[in-house]
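1. Sequence and predicted model, in that order:
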Amino acid sequence: MALPNVAPVLAKEFVILSLDFDRAIGAKEIQKRYIDKEQGLPWFVFLDGNGKSIITSTHETTGNVGHPYQPNEVAHFKVMLQKVKKHLTDAEIDALIASLVATNKAGG
Amino acid sequence: MILQFVPVMLVLTGQAAPPPTSPPPATMKPAIVQTTPAQSPRPAPKLFNEAVTAESVIEKAVHDAHTDGIRALIVWCANDNDRCAAYDAARKGREFSVFWADEYKIANVDVAKGDKNVDVAKKYGVTLKAADLPFLTVLDQNGKVVANISGRELTTSEGTFDSAKIAAFLKQNQAPYPDAIKPFEAAVVQAKKENKTLFLWYTAPW
């Protein structure tokens, strides 16, 4: 997100809020609105302007993708982006995914 | 701006990309095991890096603490010092794991025999005395002194380091827990106003 080629693209689509799961007061209660089982970290959810869940990082069969690394995890992250896109183009989503894959390949 | 914690999305920065999960390729066991001269065990890394400046060590800890919204802890002590070794042993119990994982970024500053980095310590309100090592200084995420304590105040009446006293000091001076509700509600409002999606991301200081 801090990368210069990534941040402005994400900003077109998202308001981003990071919560410290262990320390932020009320963070766990907020998460329970969107998923009933405890998840590993990182975990994320895309919400609409009414605070309603659109899609989460928890894949229905493989679980939380966390930091998307394996191909199926990256694929789920792409599905998430596709599902919420209002401002992002397909080309921008492809570029975000390519950046993620490249970063993963570089070993972080 | 809503980004109270200034998220650095690991997903796209790759700063903490996990290692590949596939196993390493299998290797053949050699038929003949060659023996090599016994190597002396590698010495444990020194806790207090004597080659770096105190300022750089403190600056990094404060930077990291700021990123995570927690506090920095300066440990003024030295390698090959019995008191420092005893303190280090006393702060390694299971009850301390939450402090080191979630609450503090550590800056180990080498003070030799209490005669090194004296001026730096003074800037933080610490007057070094070899007999009272270590000294601990808690800094907030902006580098401002929150509390100081000497090793002498962390010992039992017999002079051994008291884990309960150390834990109490750390607990008393850790950063207050941030509120999640108000930032969350504000982020939802902002998302609606700007016709955007709220990317709610859960993470932890570790």
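-> Arrived safely, thanks for sending.
2. Quick check: which ranges of the chain have low pLDDT?
-> Using chain A. Residue ranges of chain A with pLDDT under 70: A:1-2, A:108.
3. wrong one, chain B
-> Along chain B, segments meeting pLDDT under 70 span B:1-44, B:205-206.
4. 50 instead, please
-> B:1-36 (pLDDT under 50).
5. For it, which helix extends over the most residues?
-> Ranked by residue count and defined by DSSP state H, the top helix of chain B is helix B:54-68.
6. Show me what secondary structure element comes after that one.
-> Per DSSP states H and E, helix B:54-68 leads on to strand B:71-77 as the next helix or strand towards the C-terminus.
7. Look up phi and psi at the residue sitting furthest away from the middle of chain A.
-> Residue farthest from the centre of chain A, counting by CA atoms, centre = their mean, is residue A:25 at 21.8 Å. Dihedral pair for residue A:25: phi -70, psi 120, per degrees, to the nearest 10.
8. do the same with residue B:157
-> Dihedral pair for residue B:157: phi -60, psi -20, per degrees, to the nearest 10.
9. Please report how far it lies from residue B:165.
-> 11 Å (CB to CB, to the nearest Å). Where C-beta positions appear, they are placed from N, C-alpha and C, glycine not excepted.
10. more crowded one of those two?
-> Higher neighbour count among residue B:157 and residue B:165: residue B:165, with 15 against 6, using other CB atoms under 10 Å in any protein chain shown.
11. buried stuff in the longest helix belonging to chain A?
-> Secondary structure assigned by DSSP H gives helix A:90-105 as the longest helix of chain A. For helix A:90-105, the neighbour count (16 or more other CB atoms under 10 Å in any protein chain shown) marks A:92, A:93, A:96, A:97, A:99, A:100, A:103, A:104 as buried.
12. Do a quick rundown of the strands in the chain.
-> Defaulting to chain A. Ranges of strands in chain A, per DSSP state E, are A:14-20, A:43-47, A:53-56, A:58-59, A:63-64.
13. hm, I was asking about chain B
-> Counting by DSSP E, the strands of chain B are B:71-77, B:104-110, B:135-139, B:145-150, B:197-203.
14. With distance to chain A and mean neighbour count as extra columns, can I get these in a markdown table?
-> Formatted as a markdown table, those follow (distance: least, CB to the nearest CB, whole Å; neighbours: other CB atoms under 10 Å in any protein chain shown):
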| stretch | distance to chain A | mean neighbour count |
| --- | --- | --- |
| strand B:71-77 | 12 | 26 |
| strand B:104-110 | 12 | 23 |
| strand B:135-139 | 16 | 24 |
| strand B:145-150 | 17 | 17 |
| strand B:197-203 | 4 | 25 |
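15. Put together CSV for the ones you listed, with distance to residue B:117 on each row.
-> As requested, those are arranged in CSV below (distance: least, CB to CB, whole Å):
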stretch, distance to residue B:117
strand B:71-77, 7
strand B:104-110, 6
strand B:135-139, 11
strand B:145-150, 15
strand B:197-203, 34
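16. for the residue nearest the centre of chain B, what are its contacts?
-> Centrality entry for chain B: nearest residue to the mean C-alpha point is residue B:105, 2.6 Å, by CA atoms, centre = their mean. Listed by CB atoms under 8 Å, 6 or more residues apart in numbering or on different chains, the contact partners of residue B:105 are B:60, B:61, B:62, B:64, B:65, B:68, B:70, B:71, B:72, B:73.
17. how close does the residue nearest to the last one when sequence neighbours are not counted get to residue B:145?
-> For residue B:73, ignoring the flanking residues on the chain, the nearest one in space by CB to CB, 6 or more residues apart in numbering or on different chains is residue B:104 at 4.3 Å. Residue B:104 sits at a distance of 14 Å from residue B:145 (criterion: CB to CB).
18. again with residue A:19
-> Per CB to CB, residue A:19 is found 28 Å from residue B:145.
19. Quick one: neighbours of residue A:62, just the number.
-> Count around residue A:62 with other CB under 10 Å applied: 11.
20. I'd say it and residue A:72 touch.
-> Yes: under the criterion of CB atoms under 8 Å, residue A:62 makes contact with residue A:72 at 6.1 Å.
21. I'd assumed residue B:83 was in contact with residue B:151.
-> Yes: the pair residue B:151 / residue B:83 is scored as a contact, 6.0 Å apart, by CB under 8 Å.
22. quick one: which of those two has more around it?
-> Legend: neighbour count by other CB under 10 Å for residue B:151 and residue B:83, higher for residue B:151 (23 against 19).
23. residues in contact with that one?
-> So residue B:151 contacts B:83, B:87, B:132, B:133, B:134, B:135, B:136, B:161 (CB under 8 Å, 6+ apart).
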